[in-house]
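>>> Provide a 3D model corresponding to the input given below.
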Amino acid sequence: MRLDRLLEQDEQVLLVVRPHGRALLLPVLWLVLLLGAAGFLLAELAPEPPARALAGGVLLVLLLVLSVAPWLRWRGTQLVVTDARLLLRSGVVRPVLRDVLLDEVVDVATERGPLDRLLGSGTLVLSTEADDEPLVLPAVPRVAALQRTVWELVEQADERG
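Prediction:
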């Protein structure tokens, strides 16, 4: 994401966060399994081109769906914390940009399961004045520190305005 186009003139970026790397565990596992399957099938399949082409095509589609697409989604998701707002970008083909002013945030909460605590990640839940539904950001690394930072920025914004 090109941040310079999105920022106001005196706005400063304080933090840029991607989802936790654990989101890539399953896509990497699929990559290894599919590449292994491709090697095995190419070695064991009959040398006729139609059989190899069909197997290669199926494996390529599976690779794109199970490994490449999740990586692109992970790569295309960012939370940008500035001194005035939060920007959440998600999506690859049709990216969605969500802009939340710090003045509008009324609650910042975290949810952490046992695996989250083990990996140092969690879900950040932001409640705003404008929306009935909270903004839920899953698999955020160092979620407790991010919660503290956002809450401090919200308090500073309340003091200013």
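
>>> please parse this protein into its domains.
24-73, 83-160 (automatic domain parsing).

>>> so where do the helices sit in the chain?
When secondary structure is read from DSSP state H, the chain shows helices at 25-44, 49-63, 69-75, 114-119, 143-160.

>>> can I get the ones you listed in TSV with distance to A130, mean neighbour count and mean pLDDT?
C-beta: built from backbone N, CA, C; applies to glycine. Rendered in TSV, the data for these read as follows (distance: least, C-beta to C-beta, whole Å; neighbours: other C-beta atoms under 10 Å; pLDDT from 0 to 100):
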stretch	distance to A130	mean neighbour count	mean pLDDT
helix 25-44	34	13	92
helix 49-63	41	13	88
helix 69-75	26	15	94
helix 114-119	28	12	91
helix 143-160	14	15	91
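
>>> so for V17, which of the domains of the chain sits nearest?
Across the domains of the chain, V17 has its closest neighbour in domain 83-160 (6.4 Å, C-beta to C-beta).

>>> gap between the two ends of the closest one?
12 Å (C-alpha to C-alpha, to the nearest Å).

>>> skipping adjacent residues, who's closest to L42 in space?
R52 (6.6 Å; C-beta to C-beta, 6 or more residues apart in numbering).

>>> burial check on V96, number of neighbours?
Residue neighbour count, defined by other C-beta atoms under 10 Å, stands at 10 for V96.
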